[in-house]
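K.L.:
model this:
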Amino acid sequence: MTDIPGIWDDVFISFTGPVRVDKVLILPDLENGKITGKLMLENYGKVVERNMEYSFIEYTLSAYAREKKSGKVVTDTITLSGKIKCQQTQALSFEMKVNDPHPWSPDDPFLYETLIGISADAKFIDDYGNPESLRPPDNYPWIGPADEVAVTFGMRDFKAVERTFHLNGEQIQMLGSTITLNRFFEDNDRGALPWDKAWVEKLFIEIPKSLGWNGFRICIGLLPDFWYDLADEHGLLLQNEYPMWNLRGRDMQYMKEYSDWVWSDGNHPSIVIWDAMNEQKQDYIGNVVIPALKQLDPTRIWDAGYMSTADLDVNEMDEIHWYPLGHGWWHTDEAVRSRRESFRFGNLHNKNYRLGDASFNSSPMILNEYGWLWLNRDGIHSAIRTEGNFVSKDITPSRINYEYFEPDGTQLYSGRDIYDYYLGQEATPEDRREFQAYLLAIEGEVLRSARIFSGIFSFVYLTDNGGYTGDWFKNHVKNLNPAQALLMQYHTHKPFAVFIDLEDGRYLKDPIHYQPGSLLSLSLFGVNDSNRKQEGNVEMKVMDHTGEVTSSQTIRVEIDPFWQAAIPISVQIPATEGGYMLLSELDDGNGKPAQVSRRYFIVGDVMNPEFPVYHYQLPPGWPEK
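P.N.:
Modelled structure (predicted):
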């Protein structure tokens, strides 16, 4: 077992005078070139009047903003004066115009900081004392500067516009993955890795940037603060999800904890979505807590789990989880069999994929879970959800009346492992990892081709090994050695991409067999999720089981911003029977590796043919060991 620390983030001791800045939010308004500061001041003084009522302390507060890197001042200095009762808090706000604001974005994560100083002026107000009494003397030792804080922020606007997200006035597609750090805390190989800044920067910044991702969903658990600092500095867009799954707690507890959360993390420009809960509906959170906190922080979008327009007074976005092969104790064996038979993967547009209902949603949608293809890092064992039952190595809260376990301790189901179904029980770790990468790529291509999602995050980039799900690293996680399923996402997540629309011929039961020497008519499907027109050349290759290219052709592709195109093509089927791979490589002329899509197919009546081996390569910018 792995110990989970009670203190898992940095803890500081600060020394201040009696009046201090307890909480602060610096909220950007790029469109109007200003920032709003919201503060909670706290008076720790214990100065009392003659009748034992607490007195007041007068204070003076000043604030200005500057560029964080250069130190260049970009606002006037504002000065505010007031008085605050001892042992009480007080809300305060101000606005400042920012000279020539520089937008924060994933491509240009420009940062500012606001410096706030407050002094205790040592003047006591006799509001509750004898009106004829003398004022106390002004020579107390805490006279003068009481507190100073520097708050980092970025000038960025993030909004829902109809069914899309807009960053700084331009449409943006969020593409990345998911991190479940709270689950990773249970990993036997975890050690001190979550607090090793070099390891975290490699995991959280360098690898995702090399893959071309621009964001993450932080799932059912928060991050140590320096992770968010890295996201601010390097430009990641975060859907930040509170650790709320399987509802618990009381209404007053929700309001307090969620309010503290927004105050604590609300200065990070990387956080663009507050995600209240995972896969749940809770009316008080959705229709009381969120609207109240939207008043506190109007600069971000709220996600309310599985609540939709029918459940919410105001619905800013919807979250979708798509598992065409998903199964659990809530599914019968017949339901699992039916799902597998109907999922004829490889085609990009299929009614049986059950994405049709989502297309009617009126708010922007993020699809941030798909796959159900999790493996342990050894590649040998499936994760619990993939396997569909508990085995002896699994640690469970109970083995009586828990999930798959019946009240007598027996299990409801067995023999449901997805890898056993498609590959057989003798499959090697390499076989399993190849299948995982291949099918996960197809699912990613289906989702990109659906053209209804404003964000797609795969599940899951980091989690605990040997748990309910699994990530895409191999062997010891400290080395961050990627499996093929991770490297594949360089291709499925590229904003400008072309995908093959053809049913799989290798793993599906009863695959199509093509006539040798015939002509295959099919379509490619191109997508462009960027703000400018994209163009490039697609080279289509047919490869035999040895990896030799038997034929090829080149197609020119041009797609307008945030648009798509079906590209009909014809491919000459080889005259020789066997297993083949159709490979498309899109070169957009930027000097980076081509974006790849692939499908296996069978020629002739041959059974169980060999297929070519394909390995995704490390993308440029992958960090060195």
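
K.L.:
Pull out the buried residues from stretch 404-423.
P.N.:
Residues 404, 405, 412, 416, 417, 418, 419, 420, 421, 422, 423 are the ones in stretch 404-423 that count as buried (16 or more other CB atoms under 10 Å). Any C-beta I mention is one placed from the backbone N, CA and C, and that applies to glycine too.

K.L.:
How about stretch 293-306?
P.N.:
Buried residues in stretch 293-306, defined by neighbour count with 16+ other CB under 10 Å: 293, 294, 297, 299, 300, 301, 302, 303, 304, 305, 306.

K.L.:
And those, which two are furthest apart?
P.N.:
The distance between the two most remote of the buried residues of stretch 293-306 (CB to CB) is 24.6 Å, for 299 and 306.

K.L.:
ok, the nearest residue to residue 241 once chain neighbours are set aside - how many residues close by?
P.N.:
In this structure, residue 241 finds its nearest non-sequential neighbour in residue 275, 3.6 Å apart by CB to CB, 6 or more residues apart in numbering. Per other CB atoms under 10 Å, the neighbour tally for residue 275 reads 25.

K.L.:
Look up phi and psi at residue 431.
P.N.:
The phi/psi pair for residue 431 (degrees, to the nearest 10) reads phi -60, psi -50.

K.L.:
what sits against residue 393?
P.N.:
Taking CB atoms under 8 Å, 6 or more residues apart in numbering, we find residue 393 in contact with 381, 466.

K.L.:
do the same with residue 152
P.N.:
Contacts of residue 152 (CB under 8 Å, 6+ apart): 68, 111, 112, 113, 229, 232, 267, 268.

K.L.:
do residue 66 as well
P.N.:
72, 73, 74, 75, 112, 113, 115.

K.L.:
List buried residues within the residues you listed.
P.N.:
For the contacts of residue 66, a burial check counting by 16+ other CB under 10 Å picks out 74, 75, 112, 113.

K.L.:
what's the closest of those to residue 451?
P.N.:
For the buried ones among the contacts of residue 66, the residue nearest residue 451 by CB to CB is residue 112; the value is 36.4 Å.

K.L.:
who's the closest one bridged to?
P.N.:
residue 67, residue 153 (DSSP bridges).

K.L.:
Let me know whether it touches residue 155 as I believe.
P.N.:
Yes. In this structure residue 112 lies within contact range of residue 155 using CB atoms under 8 Å: 6.7 Å.

K.L.:
Between these two, which contacts overlap?
P.N.:
Residues touching both residue 112 and residue 155 (CB under 8 Å, 6+ apart) are residue 98.

K.L.:
show me what contacts residue 307?
P.N.:
By CB under 8 Å, 6+ apart, the residues touching residue 307 are 281, 282, 286, 315.

K.L.:
Kindly state the domain boundaries assigned to this protein.
P.N.:
Residue ranges for the domains of the chain, per automatic domain parsing: 19-153, 158-492, 496-603.

K.L.:
Redo those as JSON lines? Include distance to residue 6 and mean pLDDT.
P.N.:
JSON lines is the format used below for the domains of the chain (distance: least, CB to CB, whole Å; pLDDT from 0 to 100):
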{"stretch": "domain 19-153", "distance to residue 6": "23", "mean pLDDT": "88"}
{"stretch": "domain 158-492", "distance to residue 6": "11", "mean pLDDT": "94"}
{"stretch": "domain 496-603", "distance to residue 6": "42", "mean pLDDT": "98"}
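
K.L.:
Distance across stretch 540-557, terminal residue to terminal residue?
P.N.:
End-to-end distance of stretch 540-557 (CA to CA, to the nearest Å): 12 Å.

K.L.:
what does that stretch rub up against?
P.N.:
By CB under 8 Å, 6+ apart, stretch 540-557 touches 498, 524, 526, 535-539, 565, 567, 569, 571-572, 574, 576, 578-586, 609-613.

K.L.:
go with 6 Å
P.N.:
Applying CB atoms under 6 Å, 6 or more residues apart in numbering, the external contacts of stretch 540-557 come out as 526, 536-539, 572, 574, 578-584, 610-612.

K.L.:
cool, stretch 329-337 as well?
P.N.:
327, 403, 404, 412, 416.

K.L.:
Recalculate using a threshold of 8 Å.
P.N.:
By CB under 8 Å, 6+ apart, stretch 329-337 touches 327, 339, 388, 403, 404, 412, 413, 416.

K.L.:
count of residues packed around the third one?
P.N.:
Yep, that's residue 388 we're talking about. Other residues near residue 388 come to 25 when the count uses other CB under 10 Å.
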